[in-house]
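**Student:** With the sequence up front, the predicted model follows.
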Amino acid sequence: MMSRATAGAVVYRRDEGIDAIDEYSRQLVRAIRRLGVEVSYFPDGMRELFGSRAQPSWVLLEYNPFRYGRWGFAPRLLLDVWRLRRGRIRVAVMVHEAWLDISDWRTGLMGGWQRIQLQALVRQVDAVMTSTEAIARMLGPAAIHLPVASNITPADVAPEVARARLGIERRTVVSLFGRSHPSRALEYAEAAIAAIAEAQGADTLTVLNVGADAPAVRTPDGVEVVDCGPQPSVEVSLRLRASDLVLLPFSDGVSTRRSTLMAALAHRRPVLGLRGKNTDRILIDAPDALALTPVGDVDAFARAAARLTQAPQLMQSIGEEGARLYERRFDWPVTAARLASVLERLDSGRSGLG
């Protein structure tokens, strides 16, 4: 038997280009190491782990079905987990994406096998964690809710300094943040921008469209739109710092799996989002930490945006409360400590979450 090269391993199969779960995994490994836990990261999947000299006592699998197989069909992953368990290695899984929502026969086929696949995986492993309460409910009472944290470290600059560096002083700055995704309800953001422009004048408004492949946004004539494109995290942080208001409308509601939400909260920026089927109770129960309007009411979202940008003290208060919520419930030290308690149970031979 080879000597033990690592106490634990985090495994993922990253995508090319920007991959939020890959960045999350790297940040997580650093946070766990700061607690004194020995852990290695394998971003190229189980094959990389099995091909290494590592002999971990536990493995944390970062799960998104589409990263382990075409169309999310990944029976090999089940065999790999069985192989780990057969070698007396305990396995925990963090479910970032569970399965595809079913809307037609194609998504029914893919979503169907993804449901069977995930349930089979859950039955094999020793501990299950999920990034949202909604997924935890679907997976059963043993699943623990573990929100994601921010992948963007806040730059140490004041908002007015950030705006000065970007050359957008004496204007209202609204940001949209995130990649192109079917759940981005862009019509809400466009209605909000139009309402703000009508309330205070289009020529006083700057929109920062932050994200590597952020979709184009339609705005009234006179509104300045800056499409930021791919940028290093320090530049993304500068633009978040410069924002008076961050618009995060998602068709399923803002939730604790959204690293964009966590980045905005960590940057002390007020967030206006949607309350939907996947919005976590922890967010609903914090009305002072972010502003939410219901999915399905575009006008309510637009009115809230116009009202907030006319109330700078209220926006500052929401930003500060949001930061306090983030530091108390979502920040990396909190996330790492909660995860370490699960891994400690696995390493000591006690399965489950207890």
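**Tutor:** Arrived safely.

**Student:** Report the spatially nearest residue to Arg26, omitting neighbours in sequence.
**Tutor:** Across the structure, with Cβ to Cβ, 6 or more residues apart in numbering as the measure, the residue nearest Arg26 apart from its sequence neighbours is Tyr41 (6.4 Å). Any C-beta I mention is one placed from the backbone N, CA and C, and that applies to glycine too.

**Student:** who does the strand or helix carrying the one you found pair up with?
**Tutor:** Of the helices and strands defined by DSSP states H and E, Tyr41 is found in strand 40-42. Strand 40-42 pairs in its sheet with strand 8-11 (parallel), by DSSP bridges.

**Student:** rewinding a little: what's the following helix or strand after the strand holding Tyr41?
**Tutor:** Per DSSP H and E, the first helix or strand lying C-terminal to strand 40-42 is helix 46-51.

**Student:** Pull that next one out as CSV, backbone CA atoms only.
**Tutor:** Taking Å, rounded to 0.1, in the frame of the first residue of the first chain, the C-alpha atoms of helix 46-51 are listed here in CSV:
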residue,chain,number,x,y,z
MET,A,46,-12.3,10.9,-11.3
ARG,A,47,-9.8,9.8,-13.9
GLU,A,48,-7.3,12.4,-12.6
LEU,A,49,-7.9,11.2,-9.0
PHE,A,50,-7.5,7.5,-9.9
GLY,A,51,-4.4,8.3,-12.0
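
**Student:** Average pLDDT for the helix ranked longest in the chain, rounded please.
**Tutor:** With DSSP state H applied, the helix covering the greatest number of residues in the chain is identified as helix 105-124. Confidence over helix 105-124 (mean pLDDT, whole number) is 86.

**Student:** Next: stretch 86-101.
**Tutor:** Averaged over stretch 86-101, pLDDT sits at 90.

**Student:** residues near Gly253, how many?
**Tutor:** Around Gly253 there are 24 other residues, counting by other Cβ atoms under 10 Å.

**Student:** Next: Pro182.
**Tutor:** Other residues within reach of Pro182 by the criterion other Cβ under 10 Å amount to 9.

**Student:** Strands of the stretch 1-150 of the chain, start to end?
**Tutor:** For the stretch 1-150 of the chain, the strands identified by DSSP state E, counting those that start in this stretch occupy 8-11, 40-42, 58-63, 90-95, 127-130, 144-145, in order along the chain.

**Student:** contacting residues around Glu190?
**Tutor:** For Glu190, the contacting residues are 217-219, taking Cβ atoms under 8 Å, 6 or more residues apart in numbering as the criterion.

**Student:** For the longest helix of the chain, which residues meet the burial criterion?
**Tutor:** Residues of helix 105-124 classed as buried: 110-111, 113-115, 117-118, 121-122 (neighbour count, 16 or more other Cβ atoms under 10 Å).

**Student:** Please identify which of those residues is nearest to Ala311.
**Tutor:** When these are compared for distance to Ala311 (Cβ to Cβ), Gly111 comes out closest, at 42.6 Å.

**Student:** residues contacting that closest one?
**Tutor:** Residues in contact with Gly111, defined by Cβ under 8 Å, 6+ apart, are 99-102.

**Student:** from the residues you listed, which two are the most distant?
**Tutor:** Trp99 and Ile102 (8.6 Å).

**Student:** Counting neighbours, go ahead and name the busier of those two.
**Tutor:** Neighbour totals were compared for Trp99 and Ile102, and Trp99 leads with 21 against 15 (other Cβ under 10 Å).

**Student:** List the contacts of the more buried one.
**Tutor:** Residues near Trp99 by Cβ under 8 Å, 6+ apart: 65, 72, 111, 114-115, 118.

**Student:** re earlier: the residue nearest to Arg26 is in contact with Val29, isn't it?
**Tutor:** Yes: with contact defined as Cβ atoms under 8 Å, Tyr41 reaches Val29; the gap is 4.6 Å.

**Student:** what residues do those two have in common as contacts?
**Tutor:** Contact with both Tyr41 and Val29 is made by residues Val10, according to Cβ under 8 Å, 6+ apart.

**Student:** Quick check: phi and psi at the residue nearest to Pro43 when sequence neighbours are not counted.
**Tutor:** Closest residue in space to Pro43, ignoring its immediate chain neighbours: Arg14 at 4.7 Å, by Cβ to Cβ, 6+ apart. The main-chain torsion angles of Arg14 are listed as degrees, to the nearest 10 and equal phi -70, psi 160.

**Student:** Spit out the contact partners of Arg14.
**Tutor:** The neighbourhood of Arg14, defined by Cβ under 8 Å, 6+ apart, consists of 21-22, 43-44, 67.

**Student:** surely Glu38 meets Gly8?
**Tutor:** Yes: with contact defined as Cβ under 8 Å, Glu38 reaches Gly8; the gap is 6.7 Å.

**Student:** So for the two, which sits in the more crowded spot?
**Tutor:** Gly8 (23 against 14).

**Student:** who's the more buried one bridged to?
**Tutor:** With DSSP bridges applied, Gly8 shows beta-bridge pairing to Trp58.

**Student:** The one 5 residues further on now?
**Tutor:** The bridge-partner assignment for Arg13, based on DSSP bridges, gives Asp44.
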